[in-house]
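Undergrad: Test case, fold it:
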Amino acid sequence: MLFSSNVFLYFYLPIVLVLYYLSPRKLRNFTLFLVSLFFYGWGEPVYVLLMVAVILLNYVCGYLIFRRQEQGRSAKKVLAAGVVLNLLILAYYKYAGFLVDSLKHVLPLLSDLPTPQVTLPIGISFYTFQSMSYIIDVYRKDAPVQKNPITFGTYVTLFPQLIAGPIVRYYDVAQQLICRKETVSAFASGIRVFVVGLAKKVLLANQMGQLWLTLQQEPGTLAAWAGIAAYALQLYFDFSGYSDMAIGLGRMLGIEFLINFNYPYIAQSITDFWRRWHISLSTWFREYVYIPLGGNRKGLRRQILNLLIVWSLTGLWHGASWNFLLWGVYYGVLLIIEKLVLLKLLDRAPAFLRHGYTLAAVLLGWALFYFEDLQALGAFFDSAFRFVPTAVTAVNQILGYLPLMGIAAFAATPAGTCLYKKIRGKRWIAAGELVCIGALLLLCAAALASQSYNPFIYFRF
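TA: This next block holds a predicted model:
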């Protein structure tokens, strides 16, 4: 069920809010647990049982870790078993076909081996990572064990961020799961953030996605660069819009999620970009992979190896395809180069050069990210770097979308937020906010009624 769908906006969400606030406080987690399972089961009822199995696995592992530590015994084997089982579940559903096909290419003797046809459960990468964060946090004693299985199930299944993040680490919300206070001001703030996220998705991301699909059919250097710029904007507004909607929904339910995007396209280095883009994923890999591997504490060579491992895994987390591995390695190499030498040079360079370098590197990265067919990727790079005239029809398409691209580019900067902060104290701002939010909601409703193109990119991860 998409947040940007009429079923969610006009049926599911109002019913959930009524049920939640009519429930006694002690039963609100149970209500959330049930409606979240229904939310997930709406799209994939067969995989609700898989999610329940993941919940039970990690609940039991967390409790066993707690009991062993309480008894003064080692809990490493329980932790290792929990992590391995989580990864095996993820590997089977996400990578089985890819691994078999890869082996068949490397070992011709296996060419007759059938490729497993496994459907990827929506959001499995997100909820398995969240579940692992719980048992690791309990093992580290960063968070208390959760003895109530319903409360733990609520954490794993929370519908606002269940299928596309942000990835919520257990210790960030452990206290809120037990005791939270819903307020009118938080609810109102949640509505504002949700509507802004919805507008990002419906009014900007969908339009940029349509331009990208159109320009892929048109050869030419201008079409290639304008198309990948449109795709970059689509990705940002699609995913950050969903994250904003998740944060807004959380506030309506009295739960505060951490921000997931911080204007990444104003970054002036790749290092800076990854501090701003998909913050919850970068944080997860830093906390649970990079630092346990030794981080930067074991010398430069080990640090370089750790970065390559982390970014290879980051790439594969996004999908079972060679282009995602290349994308991860690409960023790993760039970050290593920056760490070794480039950041010092960038510090002395003018801001426009730093920004230009970062945007160019990111756009090339998005090409790697998009094209799973490596031949199509090669054709794109050929058009981008060997001058090919662009057809008049494509130029007209680009010119037609230029005003919207300008609005999207402006919205991807903090300029609007800075202006809002300056005028927020004015008496008339509350009425102005209400009018703007109402107008955005009406525009989104009109767009949803007329649009047939309404995908969500990160569902497949």
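
Undergrad: Moving C-terminal from the one helix or strand Lys104 maps to, which element do we reach first?
TA: Per DSSP states H and E, Lys104 falls inside helix 76-106. Towards the C-terminus, the helix or strand next in line after helix 76-106, according to DSSP H and E, is helix 124-140.

Undergrad: what's the distance between whatever helix or strand comes next after that next one and the middle of its chain?
TA: Counting by DSSP H and E, the next helix or strand C-terminal to helix 124-140 is helix 149-157. Averaging C-alpha positions (Cα atoms, centre = their mean, to the nearest Å) puts helix 149-157 21 Å from its chain's average.

Undergrad: How about stretch 187-197?
TA: Put simply, stretch 187-197 sits 19 Å off its chain's centre (Cα atoms, centre = their mean).

Undergrad: Please spell out which residues along the helix holding Lys104 are buried.
TA: If you call a residue buried by 16 or more other Cβ atoms under 10 Å, then helix 76-106 has these buried ones: 78-79, 82-83, 85-86, 89-91, 93-95, 98, 104. C-beta here means a position set from N, CA and C on the backbone, and glycine is covered the same way.

Undergrad: Check the burial of Gly231 by counting its neighbours.
TA: Actually, residue 231 is Tyr. It isn't Gly. Tyr231 is flanked by 24 other residues according to other Cβ atoms under 10 Å.

Undergrad: wait, what's in contact with it?
TA: By Cβ atoms under 8 Å, 6 or more residues apart in numbering, the contact set of Tyr231 is Met208, Gly209, Trp212, Trp366, Tyr370.

Undergrad: Find the nearest non-adjacent residue to the first one, please.
TA: Taking Cβ to Cβ, 6 or more residues apart in numbering as the measure, Met208 lies nearest to Gln234, with 3.9 Å between them; neighbours along the chain are not counted.

Undergrad: following whatever helix or strand that neighbour lives in, which helix or strand comes up?
TA: Assessed by DSSP H and E, Gln234 sits inside helix 221-252. As assigned by DSSP H and E, the chain's next helix or strand after helix 221-252 is helix 270-276.

Undergrad: Please save the CA atoms from the helix or strand that that next one is followed by in CSV.
TA: For helix 270-276, the succeeding helix or strand toward the C-terminus, using DSSP H and E, is helix 279-285. Extracted as CSV, the C-alpha positions of helix 279-285 are listed here (Å, rounded to 0.1, in the frame of the first residue of the first chain):
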residue,chain,number,x,y,z
ILE,A,279,21.5,8.8,6.9
SER,A,280,19.9,5.9,8.7
LEU,A,281,21.6,3.4,6.3
SER,A,282,25.0,5.0,6.5
THR,A,283,24.6,5.1,10.3
TRP,A,284,23.6,1.4,10.4
PHE,A,285,26.7,0.3,8.4
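
Undergrad: any idea of the mean pLDDT in helix 279-285?
TA: Throughout helix 279-285, pLDDT has a mean value of 92.

Undergrad: Check stretch 176-191 too.
TA: On average, stretch 176-191 scores 90.

Undergrad: neighbouring contacts of that stretch?
TA: By Cβ under 8 Å, 6+ apart, stretch 176-191 touches 21, 29, 146, 151, 154-155, 247-256, 437.

Undergrad: Buried residues, that stretch. List them.
TA: In stretch 176-191, counting by 16+ other Cβ under 10 Å, buried: Gln176, Leu177, Arg180, Glu182, Ala186, Phe187, Ala188, Ser189, Gly190, Ile191.
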